[in-house]
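J.: Model the structure of this input:
(4 chains, ligands or ions: 4)
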Amino acid sequence: TGCSSQPNTNDTQNAQNTESNKSEESTNATNTNTENDTSDYKVALMIPGNLGDKSFFDAAFNSIELLKSELGIQVDYVESGSDSSKYYSAYVDLCEKNYDLILTVSSNGDDALTQIAEEYPEQKFINLDDTMEEIPANVYIISPKNNEMCYLSGAVAALKAKELGENTIGFVGGMDIPGINEFLVGYIEGAQQINPDIKVAASYVGSFTDTAKGKENGLLLYNSGVSVIFAAAGQSGLGVIDAAVAKEKFAIGVDSDQAEALKEAQPDMANVIITSAIKNIPQTALMIVKKAMADDVAYGTKGFYGLKDGAVGIANNEFYQKLLSESDRNTVSELQAKVVNGEATITDTAGLTTEQVNTIRDAVRP
Amino acid sequence: MNREKSFNIIRTLFSMVAAILVAFIIIVMVSKNPFESIQIFLLKPLTSKRYIGNIIEAAIPLIFSGLSISLLFRTGLFNLGGEGVFYFSGIIGSILAIWLKLPPILLPLACFTASAIAGTAVMLVPGILRAKYNANEMVTSLMMNSIVLGIGSYILNNILRDPSVANLVSYKYNSDALLPVILKGTRVHAGFLIALLCAALVYVYIYKTRSGYEIRVTGTNPKFAQYSGINVTKVIIMVHVLAGAIAGVGGMVECLGLHRRFEWTGLPGYGFDGCMIAMLANNNPFGVVGASLFVGYLRVGADLVNRSADVPTEMIAILQSLIILLISAEKLLKKYRQRWIEKDVKEVNHEVAS
Amino acid sequence: MKSLLDLISTSDFIYSIFRVTTPLLFASMGAVVSDVAGVPNISLEGLMLIAAFSGMFFSYLSQSALIGLIMALVMAVAFSGLLAFFTLHYKTNIILGGIAINSLASGGTIFFLYLVAHDKGTSISLASKVLPTINIPIIQDLPIVGHIISGHNILTYLSLLAVLFTYYLLKKTALGFHIRAVGEKKEAAESVGINVTKIQAIAILFSGLMCGFGGAFMSMGYVSWFSRDMISGRGWIALAAESMGRQTVLGSALTSFLFGIADALSNALASMGYSSDLVKTIPYFATLIGITIFSVRIYRKSKKIA
Amino acid sequence: MSNYILEMNNISKIYGNGVVANSNVSFNLKKGEIHSLVGENGSGKTTLMKILFGMEAPSRGEIILNGKQVQFSDSKEAIKNGIGMVHQHFMLVESFSVAQNIVLGMEMKKRLFVNEEKSIQFTEALSKKYNLIVDPKEITKKLPVGVKQKVEILKALARGAEILILDEPTAVLAPQETEQLFKELMHLKAQGHTIVFISHKIPEIKLISDRITVIRSGKTVGTYNASDVSEKEISNFIMGCEMDISIKKNAHHYSTNKISVDHITYKDQEQVQLLKEINFGVKGGMIFGIAGVQGNGQVELIDMLTRRMPIQNGDISFNGQTIKEDTIAQIRKREVGYIPEDRLDQGVAVKESISDNMISNQIYSEDFCKHGLLNFKKISAFVNRNISDYEIRCMGQTQPIGMLSGGNMQKVVVARECENNPQILIAEQPTRGVDIGAAHIIHKKIIELRDQGCAVLLVSADLNEILKLSDVIAVMYEGEIVAYYDHTEGLNEEQLGIHMLGIERHTPEQIAKAVNRDE
Ligand SMILES: Nc1ncnc2c1ncn2[C@@H]1O[C@H](COP(=O)(O)OP(=O)(O)OP(=O)(O)O)[C@@H](O)[C@H]1O
Ligand SMILES: Nc1ncnc2c1ncn2[C@@H]1O[C@H](COP(=O)(O)OP(=O)(O)OP(=O)(O)O)[C@@H](O)[C@H]1O
Ligand SMILES: [Mg+2]
Ligand SMILES: [Mg+2]
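T.: Numbering: from 1, shown residues only, chains lettered A, B, ... in the order given. Ligands and ions are numbered 1, 2, ... in the order given. Presented below is the predicted three-dimensional model:
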């Protein structure tokens, strides 16, 4: 992991620095024709949060190894914690080390990013998962179509409910905020594809870290008769999954393939996770860095990437096979196909107002 | 300067050194290449203008909460409400910073006023309960922290929240509200000047004015204060008002200085930091500035080690708690103190004899 | 609102109250004893966090829940010992000492979590053990009652015993008398040869022990892993309960339950889409008001004499 | 070899703050005697006994108990060795019952729990044995001081005390209670207990003790058989008689009535009558002395005069204006000086500088503080003048006052209260715990004020201070004025003592003279 790999990257870093200081313009030169020698193409990943969220910070972290192995380039990372006042300094550090490209993830660091981008117009930035509005000329934003993966999760949940002869599914969010409600909306619409008058019981933990409270929320929903819950609540989501174990019910994970992540340490938790709505951040990262090295990234714009691009999707693993019937799985893949070739109509959640969210949410409240 | 004072200074230095030594030990234990890490921790913060800037940035909020808490401690009050005040006054100030339309200088001033009032209001609850009914301010202020957090996040969720951003933050501040950077190439903002100004004012207030005198006397012996005709109830309330206002401004300064919108999703922790600062400074206003810079230095060091080496930032928490324990340890090094004081007594008698 | 009513009238809800209250009960008992002894320990939050981490970590190493529990207790007691050492021997102010322990815990646990799990969030990647739940033979078969009373985690039952234990400790045992005497008038205790420092140390260590149980419950019963700041203010609530319960065992236990209910209620409301921000503040408001009423009454009394 | 059950040889004690409380004190006890320990305040009596009781470690010296050298690291050991102590200030847990207090630390157990019945029976038996009658079930808070005293003694006896130390037990007792106590002590003596008795009241010392040891400022003056020394001699030993501390006091010039106290009565929470129908007045240029055994209402009276306590019934007026509604601050505005009984408690702020401590009553005056800003020029001039006038031993005005000795601390207090030329001075035990030199300076100051026309109310347990300073003297007993002298010629301590013990009363007419109205 980062910890063990750090020291040597450190060494190389320093080596790089001294060398590049020796010949500034030469590095600039190499930027133009990177294809031929990728070895000295340097990428940094700035993580505006704490690793271990079992969610997209971890997902982003995983892309490091992929980039290294696939492209044989150097990738360093900085984990700059939850205190947003530190992000700027972290960025400056990276910019000072003249990387060819700086990756980041999530909207946490947006303001810092905007500022730094203006101050270092030469430096290129790509945010692997964001929804930023005014985008600086040297920044490219990838915004995954979260609602598409949640759309499928919704379908999965509804199918499971149907199989159990139920009419209600559950949703536990970390906080009642747009980033989460985006998930909810997709989830609801997906479910409605399977069962038009499905009910969705939505609940918010009010924190992404209080796993115990997450469990309470899960238990309450399960006790109220729900059998499948989509847990979009970071760490707190683990509580929901734990509740599923306790109540012998089912959960759907989020962001990374949680069943896969849990199967060694917590098999019985993995066993209740039908699937997970995943952002394929490593894949996206690989795709975009390739483009960046070939200099065909439209900086200053935002690109929406969905199922079609493999940027998002749902986990298809042993547990999925085991917990969802053959036919149901087929229904899901059909739906997926529809989405990919644009037949399905999914509300565009970007900039959805609180009122709109409320109407959608209340419409299906049990 | 008497022995008592110099003794306190020595104990403080002792604690600082101890903290740094412990940092070494931790680094040596967990770091793959300790020496580089120690170097980074100790020296790197001083190597570039930017890092020094970071130290100052980090010190600014600490100065405010340090000043606020030191006033309370001086009066013998264990009020831990600075925590909630920082958060809540930030929220209230943000409302203006977002929607109020005023020219550059005036807008921040308006925000500060609002946040100062908010801070005072929050502090006055434990303040009045203590002054009038002698309710334990420690408990009540802790309660207030959690209460204002609840109210604050309710306001944030339902009024201030910017729906165009995925995570829980307020709308952007009106750019006229933001504090200008005063050191090119860093983010050291005008808040630093305000902090220094506050420190100076508090100094004058404590040592040169009547009501400062009242506070000092009430702090060391309330019975004596009462006996001298000082209205202790009034003094206690007064102190809470000041402490609330200072911490309140501090919260706003932090928001307008380093952020572009309100970004705290929980209590920022400056309140408790303030206790440490106040102790490091032995409640002396200028000491507060020094102590804040020192702690800022430690934190930047720890950040750098975390960023460019392999030691988690949380190391800082261990150092800080050590500092608190050591500095507030009355009896620490008491042997030497004993000798000194006895020596003094003798000296006096000698002077008399001769 | 109707749906809320039938939601909280379910046996599951009542069952959940016990679960939610367990850590509060333990911690508030610790608070009572240390406070009665005149050394109010405000580091409950931190001590529970330390215990939660240790319980997880050592049960993972040893693959034995029992050892995990024992180590949770040991570590919590050890750190309360640190507090006791500084406050009693070096005369560090007990409140500041408490603050120190809290910050030590919140940072330190993450620090070590990172070292052992390369993770600053949760210990989910370490397969740690949980303490067993207990089904009470006959009772568990009773229609509703069984569902409410039986099948709790062993520590939940222990927390109820802890209340009784603390009650008898303070009210009936010699140690209890000494603790109360020391808290009320040090000199009196000293003059009859009671070692004040020792008694206060015992009180602080006891509060550490209680926090040990509370913390262990969080990571080895409530859920099956450690996650950063997982105590999430329960220590402070316990402190509130204790001052609301006016330093009495039964009073504090009762308020702990009230706060447990409030918490369970806030969960219920949240699950119905109500903002929990304000509901969360109920315990603190209650305490604030309680303290106010109480001190005003005292004040009035003292006025009357004059 | 020796016929002493206890010998304390060349004991020295230096406290943390450099106070030499005892130096080479020697003290011994014969079995079954009542041995008094006397000396002025701060002379080291309590310290010596605390050392014997293991609460303080001696810096030097040896303790020999029953021929064996002993060293007590804490009072537990002292108790084990049959030593018991009743402290100057009560050491009872107020919320506990009498029985619980008595068995505290030696509770009898029934399995795990404390056996309450047993402790009650035990207490009853004990109080019968020593006929110190108390109700075991009563909550201590509710008890009158006399009974609390008994409980304290029983506490010691319950722990098998052979040697019983009583530190100023009579200070808080009314005369009858004192008599009662003495009976009980005799009874204990008869049962073979040895008793150390500390008191400032020479008559009772003479009365009760077999032998007397006198210490002065930490050193032993000597040990005497009570039968061989007169009360006068004893007090000379205590004061160190050679020193001439007589002050010339010129004839008084009374002006108008400045303090007048009308029909003051006061009942406390437990409805105990602490003040009955107090009427008196003090004129300018008059020193009005109030004599009396501690705890006969002086404290309550002073608290009302200084508005530390509200006035229940009756009225008090300064310069003809009632102070019923005043706050302490307003009292201060009326140019009232007040020298408090206990300097460490409310007289000073130990951590603050001498200068800060010397101006606390003048910060609201224009010349020390303009528009809220302190005027340091004026202040330091004022302070330095006082430091030299009052011969205050210090390292300059910025030194924290806590570092001064009690006497010098007291000088700061007196300077503060006397130097903003008050119209009224209330002096409570002005020279307690102060050496003779310092006391002399303080006395001169008080008389100086009186000569300038200030009305001085002097309350003191120290009779010769009263006699030396006062122009008129009232004696308080059980919350009443029982005697009033409008002159002091030919008046002596014995005469006052008779009134203080409530043995003799003046006629109402005579007492009424105390009002001192302007005719
Ligand atoms: N804990 C202490 N620390 C420092 N000095 C002390 C302490 N206790 C007493 N002293 C000082 O030691 C001296 C002796 O005090 P001690 O109480 O023995 O006098 P005392 O004879 O009992 O006086 P009193 O008659 O008022 O009781 C006094 O000057 C006192 O101020
Ligand atoms: N109970 C006490 N606890 C702590 N310090 C005390 C106590 N009593 C007195 N002191 C300190 O002891 C020191 C000496 O006080 P003390 O009354 O002994 O003076 P002293 O020895 O009588 O000298 P002087 O002859 O001038 O009165 C002072 O610093 C005083 O603050
Ligand atoms: Mg004494
Ligand atoms: Mg003295």
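
J.: which residues are contacting the helix or strand where D:Leu188 lies?
T.: In this structure, D:Leu188 is located in helix D:175-190 according to DSSP states H and E. Residues outside helix D:175-190 that contact it (C-beta atoms under 8 Å, 6 or more residues apart in numbering or on different chains) are D:32-34, D:130-132, D:145-146, D:149-150, D:153, D:157, D:164, D:166, D:169-170, D:173, D:195, D:197, D:204, D:207-208, D:293, D:477, D:500-503. In this view, the C-beta of every residue, glycine as well, is placed from N, C-alpha and C.

J.: Pretty sure A:Met149 sits in a helix.
T.: Yes: counting by DSSP: H, G, I helix; E, B strand; the rest coil, A:Met149 is part of a helix.

J.: okay, now it: neighbour count?
T.: Using other C-beta atoms under 10 Å in any protein chain shown, A:Met149 has 31 neighbouring residues.

J.: ok, now B:Leu102?
T.: Counted with other C-beta under 10 Å, B:Leu102 comes out at 15.

J.: need the contact list for the nearest residue to it once chain neighbours are set aside.
T.: Leaving aside its sequence neighbours, B:Leu102 sits nearest to B:Ala110 (C-beta to C-beta, 6 or more residues apart in numbering or on different chains; 5.8 Å). Counting by C-beta under 8 Å, 6+ apart, B:Ala110 touches B:96, B:100, B:102.

J.: likewise D:Asn375?
T.: Contacts for D:Asn375 (C-beta under 8 Å, 6+ apart) come out as D:367-369.

J.: After the helix holding D:Leu188, which helix or strand is next?
T.: With DSSP H and E, the next secondary element past helix D:175-190 is strand D:194-198.

J.: I'd like the next helix or strand past that next one.
T.: Past strand D:194-198, the next helix or strand by DSSP H and E is helix D:202-208.

J.: Show me which residues of that next one are buried.
T.: By neighbour count on 16 or more other C-beta atoms under 10 Å in any protein chain shown, the buried set for helix D:202-208 is D:202-206, D:208.

J.: Now do the phi/psi pair for the nearest residue to B:Val30 once chain neighbours are set aside.
T.: The spatially closest residue to B:Val30, leaving aside those adjacent along the chain, is B:Val311, at 5.7 Å (C-beta to C-beta, 6+ apart). With angles defined as degrees, to the nearest 10, B:Val311 sits at phi -110, psi 120.

J.: residues near B:Val311, how many?
T.: B:Val311: 27 surrounding residues under other C-beta under 10 Å.

J.: which element is whichever residue of chain A sits closest to chain B on?
T.: Scanning chain A for proximity to chain B using C-beta to the nearest C-beta identifies A:Gly179 as nearest, at 3.0 Å. Following DSSP H and E, one finds A:Gly179 within helix A:178-194.

J.: Show me what that helix packs onto, helices and strands only.
T.: When contacts are defined as 3 or more C-beta pairs under 8 Å, 6 or more residues apart in numbering or on different chains; DSSP states H and E, helix A:178-194 sits against helix A:146-163, strand A:168-173, strand A:199-204, strand A:228-232, helix A:326-340, helix A:354-363.

J.: rerun at 6 Å
T.: Secondary-structure packing of helix A:178-194 (3 or more C-beta pairs under 6 Å, 6 or more residues apart in numbering or on different chains; DSSP states H and E): helix A:146-163, strand A:168-173, strand A:228-232.

J.: before we move on, the earlier item: just say helix, strand or coil for the closest residue to the residue of chain A closest to chain B other than its chain neighbours.
T.: Excluding its sequence neighbours, the residue lying closest to A:Gly179 (C-beta to C-beta, 6+ apart) is B:Ala166, at 3.0 Å. Following three-state DSSP, B:Ala166 is assigned to coil.

J.: The helices and strands packed on helix A:178-194: which one's closest to D:Asp471?
T.: strand A:168-173 (86.9 Å; C-beta to C-beta).

J.: can you state the direction angle for the closest one and helix A:146-163?
T.: Calculated by axes from the mean of the first three to the mean of the last three C-alpha atoms, to 10 degrees, strand A:168-173 forms an angle of 140 degrees with helix A:146-163.

J.: so where's chain A uncertain?
T.: Counting by pLDDT under 70, the ranges of chain A that qualify are A:1-39, A:53-55, A:350-351.

J.: So which bits of stretch D:120-136 are buried?
T.: Neighbour count says stretch D:120-136 has D:120, D:122-124, D:126-127, D:130, D:132, D:134-136 buried, by 16+ other C-beta under 10 Å.

J.: Which member of these is positioned nearest ligand 1?
T.: Each of the buried residues of stretch D:120-136 was scored against ligand 1 by C-beta to the nearest ligand atom, and D:Leu132 proved nearest at 24.0 Å.

J.: how about the closest one, what does it touch?
T.: Each residue near D:Leu132 by C-beta atoms under 6 Å, 6 or more residues apart in numbering or on different chains is listed here: D:150, D:154, D:184.

J.: burial count for the first one?
T.: Same thing as D:Lys150. Using other C-beta under 10 Å, D:Lys150 has 22 other residues around it.

J.: repeat for the last one
T.: Other residues within reach of D:Glu184, judged by other C-beta under 10 Å, total 17.

J.: Just give the closest residue to residue 66, not the sequence neighbours.
T.: Assuming you mean chain A. A:Leu66 sits nearest to A:Pro282 (C-beta to C-beta, 6+ apart), 4.5 Å away.

J.: meant chain D, my bad for not saying
T.: Nearest to D:Asn66 is D:Ile5, by C-beta to C-beta, 6+ apart, at 5.6 Å.
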